[in-house]
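>>> With the sequence up front, the predicted model follows.
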Number of protein chains: 2
Amino acid sequence: MNITIAIDCMGGDHGPVVTVPATLAFLRTHPDAHAILVGREEVLSPLLADAPEGLKARMRIQNASQVVGMDELPAIATKSKKDSSMRVALNLVKTGEAQAAVSAGNTGALVAISHFVLKMLPGIDRPAICFALPTVRGHTYALDLGANYDCTAQHLLQFGIMGVMLASALDHTERPTVGLLNVGHEEIKGNGLTKAAAALFRTSNLNYYGFVEGDDIYKGTTDVVVCDGFVGNVALKTTEGLAKMLEVFLTEEFKRGPLSMLMGLVAMPVLKRFKHRAKPSRYNGAVLLGLRGVVLKSHGSADAYAFEQALARAADAVGNNLIQRITDKMAAMMSENGKTNA
Amino acid sequence: MNITIAIDCMGGDHGPVVTVPATLAFLRTHPDAHAILVGREEVLSPLLADAPEGLKARMRIQNASQVVGMDELPAIATKSKKDSSMRVALNLVKTGEAQAAVSAGNTGALVAISHFVLKMLPGIDRPAICFALPTVRGHTYALDLGANYDCTAQHLLQFGIMGVMLASALDHTERPTVGLLNVGHEEIKGNGLTKAAAALFRTSNLNYYGFVEGDDIYKGTTDVVVCDGFVGNVALKTTEGLAKMLEVFLTEEFKRGPLSMLMGLVAMPVLKRFKHRAKPSRYNGAVLLGLRGVVLKSHGSADAYAFEQALARAADAVGNNLIQRITDKMAAMMSENGKTNA
């Protein structure tokens, strides 16, 4: 299967110095994939000069004169930057020249411009950001992690359907389990939103597990965890903060005097393996779900390795017909008058 | 200063086998403190038989025939268990026989019964759970971590005032900084609740820092972090889950073959120091703020060391006049017609 990915090469904290090498590495491991590198041609061209001819044959540059700033307001970026690398990449998905777009740029702008350019799938009100978080068992798809800060119960149900379809597309799980993130497992616990959403999930035909708590995410209790974007974003960033603090503590303890440093040197191979296993860049690439096209958001600070993971995830989503699966599911649900089957 | 603490000895996952040894250890390090051990006399008495006379002179048992179950509904526990160890301990604070109550029991029940027995301080609508979380720099007081799941902006402002008074009472910080937990630092970011609360914080005279994100908690960006109890509870439990997962990863990597195990043995002293530094039990003891008395909630699974930390924190709050400070602050704020000074 031929897969073409449009890459916003200018986005992110590092821009082309990260996105171009990542694209080359991605093309090497994906012999059927093609890439359209979107950005300022005069910047991108020299970076490709030394690329092997075999790879060059599977990529081209699409010029885009503007760049969306990392702190730019989404509404302004949507209105005023019609030739931004982000927008041009999304346009390529809209016209069908590419099947997926990947960007490490401003999240809010990517959500807004994707929504504007690609439009929503039937039955879905808003895009949601879905991330595969590592767990003790494997990984859990959590959404929404920051696209929507004031959600209704109906939004949460839509997130559940999209998350379940993502898990079944990428992991080939039969009937992925889905949990609603809450402050307790008991039915009586929660706020108004989670209680109302639970009622919708219970009467849906999703494989609904019930309420899950924050620690269930990393336990891998369910395949999918649903929450509103405010809660999801805070939880994700809080764990990022904890992980960084623990890394500081670990480093400091191994630097507390010559003997500790020696111990650290001895244990280095294991500590490196541990860090590799826990490092978030392995899991880079959040899927923007609900759109008429595959859109992947890389972490803004991604290095080439991390950005390559996001490109691979995009190819995987396209190769597994993610959009068609969600569309079919929503159609089935709507024809069943609010009932869903996963 | 004489401080008497009423201890719900029956609460928590382990009950008296943890709470009684913790009380003895606490009395040893706090020569001016007294303890009232609340629970079934026939259970507690034998556990004290071998205690040194010097400690026995500073404690007594208060019989309570009932125990609130860990999964019991708060409303039922409040209505039907008038002789529970939790309730009797709180009654001792109400009558002035004790200045603080400490329990490792059911959180919801402790919030409900404290509210019912002790009542709220003037100007405070609801109790809030406040926890000192470790940071790269020291610690940050975060609240509410689970007493209130549907908050108003006014509630968040009250949490801010209480958190600031706790920080200034326990750490003697001049004008503690307070941040509102949000999904971005920019003023335009957030949900309806955080935007409305920000407007109240800005016009208050608290040392308001502005919005903070999840990772700011562990960075220690502000002395106090305010959020609604749903978000706070999810964030706290999510980090607990991550910490446990990382511990599993670290242990697994050090057990991956004989060489790794040897490296682990060599590095053991440093790893132990790291684990001690990161372990949550050092920070055990959440304060229930807003009540007419000091109430401390220990983690349900606390061991004796952790429960002792909660007792020490209670003594610290009493010794530093926490309740009077909050009362004065609220009175000043109300007389200034909504303006506050910290």
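That came through fine.
>>> how about the closest residue to A:Val20 other than its chain neighbours, what does it touch?
Excluding the flanking residues, the one nearest A:Val20 by CB to CB, 6 or more residues apart in numbering or on different chains is A:Leu47, at 4.5 Å. (Each C-beta comes from the backbone N, C-alpha and C, glycine too.) A:Leu47 makes contact with A:16-17, A:20 under the criterion CB atoms under 8 Å, 6 or more residues apart in numbering or on different chains.
>>> Pipe the residues you listed into CSV and attach secondary structure, distance to B:Asp32 and pLDDT per row.
Output for the contacts of A:Leu47, formatted as CSV (DSSP: H, G, I helix; E, B strand; the rest coil; distance: CB to CB, whole Å; pLDDT from 0 to 100):
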residue, secondary structure, distance to B:Asp32, pLDDT
A:Pro16, helix, 67, 97
A:Val17, helix, 63, 96
A:Val20, helix, 68, 97
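>>> out of these, which is most surrounded?
A:Val20 (24 neighbours; other CB atoms under 10 Å in any protein chain shown).
>>> Which one of the contacts of A:Leu47 is nearest to B:Leu206?
Within the contacts of A:Leu47, the smallest distance to B:Leu206 is 43.5 Å, found for A:Val17 (CB to CB).
>>> A:Ala33 versus that closest one, what's the distance?
21 Å (CB to CB, to the nearest Å).
>>> Could you do A:Ser114 as well?
Separation of A:Ser114 from A:Ala33 (CB to CB): 21 Å.
>>> repeat for A:Gln309
14 Å.
>>> Equivalent analysis for A:Asp150, please.
Using CB to CB, A:Asp150 is found at 38 Å from A:Ala33.
>>> looking at it, A:Leu291 is touching A:Ser114, isn't it?
Yes: in this structure, A:Leu291 is within contact of A:Ser114 by CB atoms under 8 Å, at 5.3 Å.
>>> anything in contact with each of these two?
A:Pro127.
>>> Can you pick out the residue with more neighbours from these two?
A:Ser114 (29 against 24).
>>> backbone phi and psi for the more buried one, please?
Note on A:Ser114: its backbone torsions stand at phi -60, psi -50 [degrees, to the nearest 10].
>>> close enough to count as contact, it and A:Pro127?
Yes: using CB under 8 Å, A:Ser114 is in contact with A:Pro127, at 6.2 Å.
>>> residues shared between the contacts of those two?
Here A:Ser114 and A:Pro127 share the contacting residues A:288, A:291, A:295, scored by CB under 8 Å, 6+ apart.
>>> The first one sits in which helix or strand?
This points to A:Leu288. If you go by DSSP states H and E, A:Leu288 is part of strand A:286-289.
>>> what's the following helix or strand after that strand?
Following strand A:286-289 in sequence order, the next helix or strand is strand A:294-297 (DSSP H and E).
>>> Mind exporting the C-alpha coordinates of that following strand to PDB?
This file holds the C-alpha atoms of strand A:294-297, laid out as PDB (Å, rounded to 0.1, in the frame of the first residue of the first chain):
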ATOM      1  CA  VAL A 294      -5.200  11.400   9.800                       C
ATOM      2  CA  VAL A 295      -3.400  14.200  11.700                       C
ATOM      3  CA  LEU A 296      -0.600  13.500  14.100                       C
ATOM      4  CA  LYS A 297       0.800  16.000  16.600                       C
END
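>>> any idea of the mean pLDDT for the helix or strand just after that strand?
Using DSSP H and E, the helix or strand that follows strand A:294-297 in sequence is helix A:304-319. In this model, helix A:304-319 has an average pLDDT of 95.
>>> Please list the outside residues in contact with helix A:304-319.
Residues contacting helix A:304-319 (CB under 8 Å, 6+ apart): A:1, A:3, A:5, A:7, A:12, A:18-19, A:21-23, A:25-26, A:29-30, A:33, A:35, A:99-102, A:104, A:166, A:169-170, A:281-285, A:287, A:294, A:296-299, A:302.
>>> and if you look at stretch A:129-139?
A:107, A:111, A:140-147, A:159, A:162-163, A:166, A:170, A:217-220, A:229, A:232, A:236, A:277-278, A:282-283, A:286-289, A:297, B:244-245, B:248.
>>> Is A:Tyr149 in a helix, a strand, or coil?
Secondary structure assignment for A:Tyr149 (DSSP: H, G, I helix; E, B strand; the rest coil): coil.
>>> The spatially closest residue to it that is not a sequence neighbour: neighbouring residues, count only.
Once flanking residues are discounted, A:Tyr149 sits nearest to B:Asn191: 4.0 Å by CB to CB, 6+ apart. The local packing of B:Asn191 (other CB under 10 Å) involves 20 other residues.
>>> looking at it, B:Asn191 is touching A:Gly146, isn't it?
No: judged on CB under 8 Å, B:Asn191 makes no contact with A:Gly146 at a distance of 11.3 Å.
>>> what residues are shared contacts of the two?
B:Val183.
>>> List the residues that contact A:Val20.
Here A:Val20 is in contact with A:9, A:37, A:44, A:47-48 (CB under 8 Å, 6+ apart).
>>> just those now: which is nearest chain B?
Looking at the contacts of A:Val20 and their distance to chain B, the nearest is A:Cys9, at 25.1 Å (CB to the nearest CB).
>>> correct me, but that closest one touches A:Ile36?
No: with contact defined as CB under 8 Å, A:Cys9 does not reach A:Ile36; the gap is 9.5 Å.
>>> who's more crowded, the two?
Applying other CB under 10 Å to A:Cys9 and A:Ile36 shows that A:Cys9 carries more neighbours, namely 33 against 21.
>>> Show me what the mean pLDDT comes to for the top helix by length along chain A.
Taking DSSP state H as the criterion, chain A has its longest helix at helix A:229-254. If you average the pLDDT over helix A:229-254, you get 89.
>>> Pull the residues that contact the helix or strand following it.
Along the chain past helix A:229-254, the next helix or strand (assigned with DSSP H and E) turns out to be helix A:258-278. Residues outside helix A:258-278 that contact it (CB under 8 Å, 6+ apart) are A:134, A:243, A:247, A:250, A:253-255, A:282, B:246, B:249-250, B:253-254, B:256, B:260, B:263-264, B:266-267, B:269-270.
>>> Nothing else from me, thank you.
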